[in-house]
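Q: got a predicted model here, sequence first, then my questions.
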Amino acid sequence: MFQLTRSVTWQALKRLHEQTADDQIRSYFTADPQRFEKMSLRVGGLFLDYSKHAISGAVLDKLIELADHSALVQRRAQMFSGDIINVTEDRPVLHTALRNQGEGPLMVDGQDVMPEIQRTREQIRAFSEAVRSGEWKGYSGERIKDVVNIGIGGSDLGPNMASRALLKYRHPELNFHFVSNVDGAHIQKVLKRLDPATTLFIVSTKTFSTQETLLNAKTARRWFLDNAGEDADIGAHFIAASTNRQAAMEFGIREENVFEFWAWVGGRYSMWSSIGLPIALSIGFDGFMEMLQGAYEMDQHFLVAPFRENMPVLMALIGIWYINFVGAETQAIVPYDQALHQLPSFLQQLDMESNGKSVDIFGHPVDYKTGPIVWGQTGSNGQHAFFQLLHQGTRYVPIDFIASLKPEPGVEDHHFALLTNMLAQANAFMEGSQSGSRLDPYSCPGNRPSSVLLLDELTPKNLGALIALYEHKVFVQGVIWNINSFDQWGVQLGKRIAGEISERIDEHSQDFDASTQGLLALVREHFRPDSSAPATASKVKRKATEKTKR
Ligand SMILES: O=P(O)(O)OC[C@H]1O[C@](O)(CO)[C@@H](O)[C@@H]1O
């Protein structure tokens, strides 16, 4: 059986790490004045500089060889053609079909899926235009002013991140809100500011069974009925994006207002589907299609570019070098763009839920590290928070800097400062401070790696390309590690146990560990035994007093 870590290429990479561990990144530039030109590339409106990495020419050659010897060509073709590559869930993985602009058919289970995709796109177009034009009316005849997306994980992070990133394209008379947390404070805070007569709720949930989303949706419906309309009016104010049409209709959503998508769209890959409705409502259907077009162009690049000139493949290989050979545990994402402030959270789910796996596709434990801890926040804020540790701490953290070049009118000076700060940081991480000895507390060692990813402008199209780039990066890493990037059994476990615990709130169950039972007993004191409804304030207070007395 093939064992990745025993392969000749893997072993050669290990040796190369030993040989180059003391190299200074800056010395690679001295040795090769063309390094920047050689280690940078453009795809559409995206430019990647990956020259400031601890990667010599020989290391890059071997990393490319690692990709060549992997199943990447085959698995990439399988993904795009709808083969079942999500083996544990027995599904194809076809988010690329959602942005497909090609003419040909795409067969899944002997059926061309493109006509249904086109139909749903058309439904999104008609609906978004009706809401944006004011033709869609609430129960009292007024137009919609506020849109609340209720969803969590992939049913929140993608549309949330993209709507915020593209805020400058937003319809001037529509406001967007995203409710995800099961903490009632989240929805209460949003509802407090809204008028039910002019609010539209999108219940975004692939399964229509996620506890957080259902609870928030029920609270929203109760609020709507308490403050405004009747049952018959729900249809004008609640729509759904879901694969579970039946459950959505049982909730009270009109059949024609259930925006379909399919089991072969993974939650964290779903912003291209009807889960992207808030984006279409915000920036318009044409803008939504531009985003799909950008992603499609990145798909085409990923499909045809040789590995050495393939942006997602290169980013994946760079990550593999740090994770598997240098020993980095984390990957920082630092957008120097306030509009991209949700990008680190989005990429966190995309990467960690996809590649947070420790068995291969055959269920055998792997003997190498897989997905990194992905984290980050916007620059320049991060400079005044965690950059100190990155400069002088004991951890080794590769960084992706991301920015868009085109300044916003009226704040050009801010944009110039933003970009120069980013370039200064990338330079400082590599160069360090030259003065002083290694023991000098003032000196920064440098030799810390980073990529710089520049968007010509933060447009829907470039955002689409950026997200597709990271999706494919994660995919390539998953293929090389031979793991299934498309299931999430750990998350399912948490969902199941949450259900079990809440069902047994009134039982003195011995089924849980002693710590969970002890904590559950404390929780139980605040809830009526016959339901999960909270105890009255006085009862809670009395219990608390009794407890203090004991
Ligand atoms: O869209 P649903 O079915 O409500 O699930 C929400 C999220 O939960 C997960 O299953 C786990 O976080 C995600 O993959 C998904 O995006």
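A: Thanks, I have the structure now.

Q: in this protein, what residue comes closest to the ligand?
A: Nearest residue of the chain to the ligand (Cβ to the nearest ligand atom) works out as residue 267 at 2.3 Å. The C-beta positions use only the backbone N, C-alpha and C, and glycine is treated the same way.

Q: measure that residue to residue 259 for me?
A: Applying Cβ to Cβ, to the nearest Å, the value for residue 267 to residue 259 is 15 Å.

Q: cool, residue 124 as well?
A: Using Cβ to Cβ, residue 124 is found at 7 Å from residue 259.

Q: and the stretch 201-350 of the chain, which residues reach the ligand?
A: For the stretch 201-350 of the chain, the residues in contact with the ligand (Cβ under 6 Å from any ligand atom) are 205-207, 210, 213, 267-268.

Q: switch to 8 Å and redo it
A: For the stretch 201-350 of the chain, the contact set with the ligand under Cβ under 8 Å from any ligand atom comprises 204-210, 212-213, 242, 266-268, 270, 275, 349.

Q: quick check on those residues: which are buried?
A: Burial by neighbour count, 16 or more other Cβ atoms under 10 Å: within those this picks out 204-206, 208, 210, 212-213, 242, 266-268, 270, 275, 349.

Q: got any ranges where the stretch 251-400 of the chain has weak pLDDT?
A: Along the stretch 251-400 of the chain, the model assigns pLDDT under 70 to no residue.

Q: ok, residue 120 - contacts?
A: Neighbour list for residue 120: 259-261, 273-274 [criterion: Cβ atoms under 8 Å, 6 or more residues apart in numbering].

Q: most neighbours out of those residues, which is it?
A: For the contacts of residue 120, the largest neighbour count, defined by other Cβ atoms under 10 Å, is 27 neighbours, found at residue 273.

Q: who are the contact partners of the closest residue to that one other than its chain neighbours?
A: Residue nearest to residue 273 in three dimensions, not counting chain neighbours: residue 261, with 3.9 Å by Cβ to Cβ, 6 or more residues apart in numbering. By Cβ under 8 Å, 6+ apart, the contact set of residue 261 is 98, 120, 206, 241-243, 270, 273-275.

Q: filter those residues down to the ones in strands?
A: If you go by DSSP state E, the contacts of residue 261 have 241-242 in strands.

Q: mind picking the two most distant members of the contacts of residue 261?
A: 98 and 242 (15.3 Å; Cβ to Cβ).

Q: which residue is the nearest non-sequential neighbour of the residue positioned nearest the centre of the chain?
A: The chain has residue 346 as the residue nearest its centroid, 2.7 Å off, counting by Cα atoms, centre = their mean. Nearest non-adjacent residue to residue 346, counting by Cβ to Cβ, 6+ apart: residue 161, 4.2 Å away.

Q: show me what the host helix or strand of that neighbour is in contact with.
A: In this assignment (DSSP states H and E), residue 161 forms part of helix 157-165. With contact meaning Cβ under 8 Å, 6+ apart, helix 157-165 is reached by 149, 151, 170, 176, 178, 180, 204, 268, 270-271, 275-279, 282-283, 291, 339-343, 345-346, 349, 458, 463, 467.

Q: make a ChimeraX selection of the buried ones in these.
A: Buried residues within the contacts of helix 157-165, by 16+ other Cβ under 10 Å, are selected in ChimeraX with:
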select :149,151,170,176,178,180,204,268,270,271,275,276,277,278,279,282,283,291,339,340,342,343,345,346,349,458,463,467
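
Q: burial measure for residue 14, as a count.
A: By other Cβ under 10 Å, neighbour count at residue 14 equals 14.

Q: touching, it and residue 327? I think so.
A: No: with contacts counted by Cβ atoms under 8 Å, residue 14 stays clear of residue 327, the gap being 11.3 Å.

Q: which parts of the one helix or strand residue 390 maps to are buried?
A: Per DSSP H and E, residue 390 falls inside helix 387-392. By neighbour count with 16+ other Cβ under 10 Å, helix 387-392 contains the buried residues 387, 390-391.

Q: what strand or helix carries residue 448?
A: Going by DSSP H and E, residue 448 is not part of any helix or strand.

Q: where do the strands of the stretch 251-400 of the chain begin and end?
A: For the stretch 251-400 of the chain, the strands defined by DSSP state E, counting those that start in this stretch cover 258-260, 330-335, 373-375, 399-404.

Q: ok now the helix holding residue 390, how far from the chain's centre?
A: With Cα atoms, centre = their mean, to the nearest Å as the basis, helix 387-392 stands 25 Å off its chain's centre.

Q: please apply the same query to stretch 25-37.
A: For stretch 25-37 - counting by Cα atoms, centre = their mean - the centre lies 34 Å from the chain centre.

Q: gap between residue 308 and residue 290?
A: 29 Å.

Q: and for residue 157?
A: On the measure of Cβ to Cβ, residue 157 and residue 290 end up 21 Å apart.

Q: show me which of the two is the more surrounded one.
A: Neighbours per residue, other Cβ under 10 Å: of residue 157 and residue 290, the larger number sits with residue 157, 26 against 20.

Q: list the buried residues in the helix or strand hosting residue 26.
A: Assigned by DSSP H and E, residue 26 belongs to helix 25-31. Using 16+ other Cβ under 10 Å as the test for burial, helix 25-31 gives 25, 28-29.

Q: make TSV out of these and add distance to residue 299 and pLDDT.
A: Below are these laid out as TSV (distance: Cβ to Cβ, whole Å; pLDDT from 0 to 100):
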residue	distance to residue 299	pLDDT
25	32	97
28	32	98
29	33	98
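
Q: mind putting those into a markdown table with distance to the ligand?
A: Shown next, in a markdown table, are the buried residues of helix 25-31 (distance: Cβ to the nearest ligand atom, whole Å):
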| residue | distance to the ligand |
| --- | --- |
| 25 | 37 |
| 28 | 40 |
| 29 | 42 |
